[in-house]
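Participant: make a model of this:
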Amino acid sequence: MNSNKFAILVCSLVIGVFIALSPVIVTGHWYDITHVIGNLLVAEFIVRTIAIVIGLLVIFSGIKRFFLSRALPSDVPNANKDKFDI
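Facilitator: This is a model prediction of the structure:
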């Protein structure tokens, strides 16, 4: 079971890096102002920034899930429930 959690962590890290670098993979170059002009420069900057943020969120989610699953074992009853559930 522990290797399964580690595999999910590694997959989320790889997917997060892939998402963060996806604009570079699609365009074939890093951020370069000589290739675009005007409004396209702003649009490219926004898309690249959003891709990096989404990639970091995926990586954060994978790391959080890995460490929370280690802190809260699944064999403890009601370990995943909130104290304030009615």
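Participant: packing partners for the longest helix seen in the chain?
Facilitator: Criterion DSSP state H: the longest helix present in the chain is helix 39-71. Packed against helix 39-71 by the contact rule (3 or more Cβ pairs under 8 Å, 6 or more residues apart in numbering; DSSP states H and E) you find helix 2-20, helix 22-27. Heads up, the C-betas are built off the backbone N, CA and C, glycines and all.
Participant: tally of neighbours for the residue lying closest to residue 23 once chain neighbours are set aside?
Facilitator: Distance criterion Cβ to Cβ, 6 or more residues apart in numbering; nearest residue to residue 23, sequence neighbours excluded, is residue 48 at 4.7 Å. As a burial measure, residue 48 scores 18 neighbours (other Cβ atoms under 10 Å).
Participant: so residue 48 versus residue 3, what's the distance?
Facilitator: Applying Cβ to Cβ, to the nearest Å, the value for residue 48 to residue 3 is 35 Å.
Participant: what of residue 60?
Facilitator: Taking Cβ to Cβ as the measure, residue 60 falls 22 Å from residue 3.
Participant: which one's more surrounded, these two?
Facilitator: The neighbour comparison of residue 60 against residue 3 (other Cβ under 10 Å) goes to residue 60, with 12 against 7.
Participant: from residue 53, how far out is that one?
Facilitator: Residue 60 sits 10 Å away from residue 53, taking Cβ to Cβ as the criterion.
Participant: identify the contacts common to these two.
Facilitator: Common neighbours of residue 60 and residue 53, counting by Cβ atoms under 8 Å, 6 or more residues apart in numbering, are absent.
Participant: name the nearest residue to the spatially most central residue of the chain, ignoring sequence neighbours.
Facilitator: Centroid check for the chain by Cα atoms, centre = their mean gives residue 58 as the closest residue, at 1.6 Å. Excluding the flanking residues, the one nearest residue 58 by Cβ to Cβ, 6+ apart is residue 16, at 3.8 Å.
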